[in-house]
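Undergrad: sequence-free structure coming up:
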């Protein structure tokens, strides 16, 4: 883990931008399909990302964790984008007409054997959210500039932040922001999104309003 901490300090992208929770675990065989929305919000003259904190639920292995709205792709979903929009509406009451989809980034494989496709959308803001309290405890914003600052993230042993996990590999953990800790797969997807922006694959729109 010391070597990976050194890589973060030296801004080595190979240490930060991966497409799986577990190093070397890149197989897509027998994985379940899921999609999340990475909601971009232009607020206080800055781009920010809207995150959720999942409600406490003993049956949910991600209980209480910071996440993106989203979930499993159902047979009724036309594609990953449709799944992300459906789940977002169900979880936080954000209607698709208030979201302008601007692209997708490469899928991410989690330790729970889901291949998660992140769908990027610009959210009309301000807008009223209606949280499904059985699933979502809170929704909050983190500025994109703060997330880009590598002084705000470290590697930590997974067992130090997820006592129930048997996995011992290190995970990305952002510093606490507004009382919340962003880590694990959601942190990795966030970093992969930031890289896509920096590489010009996901250009930030000039307008923050979804197209009519």
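TA: Looks like it arrived, so ask away. Values in this document were obtained by computation on a predicted structure and should not be read as measured data.
Undergrad: going forward, measure contacts between C-alpha atoms and count neighbours the same way
TA: Noted.
Undergrad: host element of residue 197?
TA: helix 184-198 (DSSP states H and E).
Undergrad: Could you pull out the buried residues of that helix?
TA: 184-196 (16 or more other Cα atoms under 10 Å).
Undergrad: report the longest strand in this protein, please.
TA: The strand spanning the most residues in the chain, taking DSSP state E as the definition, is strand 32-43.
Undergrad: any chance of the buried residues of helix 184-198 in CSV, plus distance to residue 158 and pLDDT?
TA: Output for the buried residues of helix 184-198, formatted as CSV (distance: Cα to Cα, whole Å; pLDDT from 0 to 100):
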residue, distance to residue 158, pLDDT
184, 8, 90
185, 11, 93
186, 14, 96
187, 13, 96
188, 14, 95
189, 17, 97
190, 18, 98
191, 18, 96
192, 20, 96
193, 22, 97
194, 23, 96
195, 23, 95
196, 26, 96
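Undergrad: if we can go back for a sec, for the helix holding residue 197, packing partners?
TA: Contacts defined by 3 or more Cα pairs under 8 Å, 6 or more residues apart in numbering; DSSP states H and E place helix 184-198 against strand 170-174.
Undergrad: for this structure, which spans come out with low pLDDT?
TA: 1-15, 22-29, 58-62, 163-168, 207-212 (pLDDT under 70).
Undergrad: what about the helices in it?
TA: For the chain, applying DSSP state H gives helices covering 2-9, 13-16, 80-92, 144-148, 158-161, 184-198.
Undergrad: Contacts for the fourth one, please.
TA: Applying Cα atoms under 8 Å, 6 or more residues apart in numbering, the contact partners of helix 144-148 are 46-49, 152, 191, 194.
Undergrad: Tell me the spacing between the residue nearest in space to the middle of the chain and residue 125.
TA: Closest to where the C-alpha atoms of the chain average out (Cα atoms, centre = their mean) is residue 186, at 3.7 Å. For residue 186, the distance to residue 125 equals 22 Å [Cα to Cα, to the nearest Å].
Undergrad: How about residue 183?
TA: Going from residue 183 to residue 125 by Cα to Cα gives 26 Å.
Undergrad: which of these two has more neighbours?
TA: Taking neighbours as other Cα atoms under 10 Å, residue 183 and residue 125 compare with residue 183 leading, 25 against 15.
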